[in-house]
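**Q** generate coordinates for the sequence data below:
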Amino acid sequence: MINLISEKYKQNGHFFFKPSDRLAEVCNAPKDSSGIYVIYALEKGKVTLIYIGISGRKGPDGNILHRKDGLRGRFLTGKQFGDLRQKTWPAKMSLENIEALDIYWFVTHGNSNSDFPRDIEVDLFQKHLALFGRLPRWNREV
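**A** Numbering: from 1, shown residues only. Reported below is the predicted structural model:
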């Protein structure tokens, strides 16, 4: 999946998150941009795509509505599995025997691009469905 978006979106990065990490310390996503992120699980010697997410959306006037704290805030103050990711990710990782998360982020609507994150997310979901017949496992649980 990364190859599909990394060539177009040059403002990007990634970080690892282990259950013992503080998310605020390892997260290197920007505060002032919108985009998409994909999360891979490192488990039992395998790498598996488990989640596709976005930050930012299209407003009623057709312009981008950036989250006030951008992609970074989506990780640090956004919720998943009923609470803040800093709390739920380590528990979920332990439950699923995930050693670490490998998180890639891409600015799709910022200085040099103006693509809406949801459009890219939908395209990636369709590609994943075509290949595997299902959404990534953490997307199915939402």
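**Q** what's the spacing between the residue nearest to Glu43 when sequence neighbours are not counted and Trp138?
**A** Leaving aside its chain neighbours, Glu43 sits nearest to Ile98 (4.9 Å; criterion: CB to CB, 6 or more residues apart in numbering). From N, CA and C alone the C-beta is placed, and that goes for glycine too. Ile98 sits 10 Å away from Trp138, going by CB to CB, to the nearest Å.
**Q** mutual contacts of those two, please.
**A** Shared contacts of Ile98 and Trp138 (CB atoms under 8 Å, 6 or more residues apart in numbering): Lys92.
**Q** surely the residue nearest to Glu43 touches Ile39?
**A** No: contact between Ile98 and Ile39 fails when scored by CB atoms under 8 Å: they sit 10.1 Å apart.
**Q** could you give the bridge partners of the most centrally placed residue in the chain?
**A** Nearest to the mean C-alpha position of the chain, counting by CA atoms, centre = their mean, stands Tyr37 at 2.8 Å. For Tyr37, the beta-bridge partners are Gly53, Trp105 (DSSP bridges).
**Q** now do the contacts for it.
**A** Taking CB under 8 Å, 6+ apart, one finds 29, 52-55, 71, 74-75, 103-106 in contact with Tyr37.
**Q** now do Ile98
**A** Neighbour list for Ile98: 41-43, 92 [criterion: CB under 8 Å, 6+ apart].
**Q** so the residue lying farthest from the centre of the chain, which state does it fall into?
**A** Using CA atoms, centre = their mean, the residue of the chain lying farthest from its centre is Asp61. It sits 25.5 Å away. Three-state assignment for Asp61 (DSSP: H, G, I helix; E, B strand; the rest coil): coil.
**Q** now it: how far from Asp119?
**A** 17 Å.
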